[in-house]
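> Here is a sequence together with a model predicted from it:
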2 protein chains.
Amino acid sequence: MRVAGILLVEDDPSVRTALELALTRQGHSVTSYATGEEALDHIRARRPEIAILDVMLPGIDGVEVCRRVRKLDQLPVILLTARGDDLDIVVGLEAGADDYVVKPVEPRVLDARIRAVLRRAESAASDRITFGELVIDRGALKVTLSGKEIHLTPTELRLLLELVRHPGQVLNRRYLLRAVWDHTHIADSRLVDACVQRIRAKIEPKPGEPVFIHTVRGFGYRFNPP
Amino acid sequence: MRVAGILLVEDDPSVRTALELALTRQGHSVTSYATGEEALDHIRARRPEIAILDVMLPGIDGVEVCRRVRKLDQLPVILLTARGDDLDIVVGLEAGADDYVVKPVEPRVLDARIRAVLRRAESAASDRITFGELVIDRGALKVTLSGKEIHLTPTELRLLLELVRHPGQVLNRRYLLRAVWDHTHIADSRLVDACVQRIRAKIEPKPGEPVFIHTVRGFGYRFNPP
DNA sequence: AGGACATGTCACAGTTCGGTGACACAACCC
DNA sequence: GGGTTGTGTCACCGAACTGTGACATGTCCT
């Protein structure tokens, strides 16, 4: 099941907390703010997968955030409004929102609408895999950790992708040498170890106790989904 | 303003006539039917731009029509339902509907939703794509940067379009050689590199640090929407 | 504990890769 | 023909990458 990085903007703290809780329960990962300014910063910095914006906000309102976002980006947007005021709906959809939801909303309905919007947006999106904070985009060949892009060299990336292709499986050094380096029969080589070490230095929060790439003494390495 | 060929399916004759009239007044061209079977025939034969389907229909219902349509086509679908029954909404959106409207509906609101759905569908198939300051008109084969027209040679344009067709994806040199030059298996060639440089010189504000076409060392190039 | 062995760590130098500009040639247009 | 434009190729250079070996550290077994 896909899990989305959702940006939620809602100035009423009780509504915000309730929605955040409900969405988290549905399996989404949610970041929330109270103002449009913060939301725009977050969008620029963290690239969420979808934004859910309350229309009524102090300062820059949801519709305006939506307009600005639409100028730069394809980021899917759902607008939230307190009443089903028809004029709001027209304005909101004209601003480029992908959907428009009237509060109060059943969590299940909001979830369905989020998934519908994401499904539509996905056709253009690339295939990526998420392991907790680690996101590997196989199409863009990008790796991000907690939203920050990590630079991996070609060999490091190929090795990581090979490990990730078999999550939970132990891959021995000979296999990895063949798969990543095309080395057919170099028996003893510290190459793999060195490369794993370099990857760990980049993606493991504490390289001393690896979370992602585990050493299986005597056999090889295993990529563990957290 | 764009005028859409709308397929309307609604079994209640009075509602059908009312909606047809309202939509026609908004400048749309509407064809309407009372059953899902007729609708599917129409879709196959006439390729409407958008379908508005009542959920409750005798025989094949709206959700089922939506499901079948989605299997073959990208045809945008809006579902209509008599009450705001939450379960219906979830089922409908899961079936792939682009939007879900509860009757009775203000004509202006329905119109806004139609336009929003069409706008989204359009951006996927549109002739003109905008990436920040860079505008690529695939119909006119013109590229403009900050409003100024940029002259690209045919090969440069083909390469740029190929990259833009897969935004965010890394495309390797072999692929690009095949796609743009029809070269089947020239292994080592700096052709792509040279062409990318020429494009960069024209569209990148600072060719030293490219914004649009990124090099992914060891793999290829990636067009990054800003 | 102590030895044997497996793995982590690190720095460095050779190698590869891509950016860049020059250039030759073909195609095209006056 | 003569000039202009588009395209492929090449050589050079700096930057980035990577393999290697030496050494440190860790783990397992007796």
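Received, thanks.
> Might one say that residue A:226 is in contact with residue A:212?
Yes - taking Cβ atoms under 8 Å as the definition, residue A:226 is a contact partner of residue A:212 at 7.5 Å. Every residue, glycine included, has its C-beta placed from N, CA and C.
> joint contacts of the two?
residue A:131 (Cβ atoms under 8 Å, 6 or more residues apart in numbering or on different chains).
> what about the two, which has more around it?
residue A:212 (23 against 8; other Cβ atoms under 10 Å in any protein chain shown).
> Would you quantify the distance from that one to DNA strand D?
17 Å (Cβ to the nearest atom of the strand, to the nearest Å).
> Is any residue of the helix ranked longest in chain A near chain B?
Counting residues, the longest helix found in chain A (DSSP state H) is helix A:107-122. Yes - applying Cβ under 8 Å from any Cβ of the partner chain, one finds helix A:107-122 in contact with chain B at A:108, A:109, A:112, A:113, A:115, A:116, A:119, A:120.
> With stretch A:43-58 instead?
No - for a cut-off given as Cβ under 8 Å from any Cβ, stretch A:43-58 has no contacts with chain B; the smallest distance is 10.6 Å.
> do the same with stretch A:8-24
No - Stretch A:8-24 stays clear of chain B (Cβ under 8 Å from any Cβ), getting no nearer than 13.6 Å.
> circling back: downstream of the longest helix of chain A, the next helix or strand is which one?
strand A:128-131 (DSSP states H and E).
> so how far is the lowest-mean-pLDDT helix or strand in chain A from its chain's centroid?
Taking mean pLDDT, DSSP states H and E as the measure, chain A has helix A:86-94 as its least confident helix or strand, at a mean of 72. Here helix A:86-94 is found 29 Å from its chain centre; the criterion is Cα atoms, centre = their mean, to the nearest Å.
> quick one: it to helix B:107-125, angle?
Using axes from the mean of the first three to the mean of the last three Cα atoms, to 10 degrees, the inter-axis angle of helix A:86-94 relative to helix B:107-125 is 10 degrees.
> what's in contact with helix A:86-94?
With Cβ under 8 Å, 6+ apart as the contact definition, helix A:86-94 has outside contacts at A:55, A:62-63, A:66, A:79, A:81, A:100, B:106, B:108-109, B:112-113, B:115-116.
> check contacts around residue A:60.
Residue A:60 touches A:35, A:36, A:37, A:40, A:68, counting by Cβ under 8 Å, 6+ apart.
> can you redo those as CSV with distance to residue B:30, pLDDT and secondary structure?
Shown next, in CSV, are the contacts of residue A:60 (distance: Cβ to Cβ, whole Å; pLDDT from 0 to 100; DSSP: H, G, I helix; E, B strand; the rest coil):
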residue, distance to residue B:30, pLDDT, secondary structure
A:35, 43, 88, coil
A:36, 38, 85, helix
A:37, 43, 86, helix
A:40, 40, 83, helix
A:68, 35, 83, helix
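> So which of the residues you listed reach DNA strand C?
Subset of these in contact with DNA strand C: empty, counting by Cβ under 7 Å from any atom of the strand.
> Can you tell me which of these lies closest to DNA strand D?
Nearest to DNA strand D out of the contacts of residue A:60 is residue A:40 (Cβ to the nearest atom of the strand; 31.1 Å).
> what number of residues lie near that closest one?
19.
> ok, now residue A:177?
Residue A:177: 18 surrounding residues under other Cβ under 10 Å.
> Give me the three-state assignment for it.
Classification of residue A:177 using DSSP: H, G, I helix; E, B strand; the rest coil returns helix.
> circling back: say whether chain B is contacted by the helix or strand following the least confident helix or strand of chain A.
Next in sequence after helix A:86-94, counting helices and strands by DSSP H and E, comes strand A:99-102. Yes - using Cβ under 8 Å from any Cβ, we find that strand A:99-102 touches chain B at residue A:99.
> Strand A:99-102 - which strands sit beside it in the sheet, and in what orientation?
Neighbouring strands of strand A:99-102 in its sheet, by DSSP bridges, are strand A:77-81 (parallel).
> Send over the strand it pairs with as CSV, restricted to the C-alpha atoms.
The C-alpha coordinates for strand A:77-81 follow below in CSV (Å, rounded to 0.1, in the frame of the first residue of the first chain):
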residue,chain,number,x,y,z
VAL,A,77,-3.7,20.0,-4.2
ILE,A,78,-6.9,19.4,-2.3
LEU,A,79,-8.7,22.4,-0.8
LEU,A,80,-10.6,22.2,2.4
THR,A,81,-13.5,24.6,3.3
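> contact partners of it?
Contacts of strand A:77-81 (Cβ under 8 Å, 6+ apart): A:10, A:50-56, A:62-63, A:66, A:69-70, A:88-89, A:92, A:96-103, A:105, A:113-114, A:117.
> Now which of the residues you listed would you call buried?
For the contacts of strand A:77-81, a burial check counting by 16 or more other Cβ atoms under 10 Å in any protein chain shown picks out A:10, A:50-55, A:62-63, A:66, A:69, A:88-89, A:92, A:96-103, A:113-114, A:117.
> re the thing from before, could I get the contacts of helix A:86-94 as CSV with distance to DNA strand D?
Shown next, in CSV, are these (distance: Cβ to the nearest atom of the strand, whole Å):
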residue, distance to DNA strand D
A:55, 45
A:62, 41
A:63, 43
A:66, 38
A:79, 42
A:81, 47
A:100, 45
B:106, 53
B:108, 49
B:109, 50
B:112, 45
B:113, 45
B:115, 40
B:116, 40
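> got TSV for these, with pLDDT too?
Output for the contacts of helix A:86-94, formatted as TSV (pLDDT from 0 to 100):
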residue	pLDDT
A:55	85
A:62	83
A:63	84
A:66	85
A:79	88
A:81	84
A:100	82
B:106	74
B:108	76
B:109	76
B:112	79
B:113	82
B:115	81
B:116	77
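> Isn't residue A:166 up against residue A:223?
Yes - with contact defined as Cβ under 8 Å, residue A:166 reaches residue A:223; the gap is 7.2 Å.
> okay, the two: which has more neighbours?
Set side by side, residue A:166 and residue A:223 show more neighbours around residue A:223, with 20 against 13, by other Cβ under 10 Å.
> does the residue lying closest to that one once chain neighbours are set aside sit in a helix, a strand or a coil?
Excluding its sequence neighbours, the residue lying closest to residue A:223 (Cβ to Cβ, 6 or more residues apart in numbering or on different chains) is residue A:163, at 3.9 Å. Secondary structure state of residue A:163, per three-state DSSP, is helix.
> which residues does residue A:163 contact?
Taking Cβ under 8 Å, 6+ apart, we find residue A:163 in contact with A:171, A:176, A:213, A:221, A:222, A:223.
> Apply 10 Å and report the result again.
A:169, A:171, A:176, A:179-180, A:196, A:199, A:212-214, A:220-224 (Cβ atoms under 10 Å, 6 or more residues apart in numbering or on different chains).
> same question, residue A:210
With Cβ under 10 Å, 6+ apart, residue A:210 has these contacts: A:196, A:197, A:199, A:200, A:203, A:204, A:221, A:224.
> which stretches of chain A have low pLDDT?
A:1-4, A:45-47, A:71-74, A:83-87, A:120-127, A:183-188, A:207 (pLDDT under 70).
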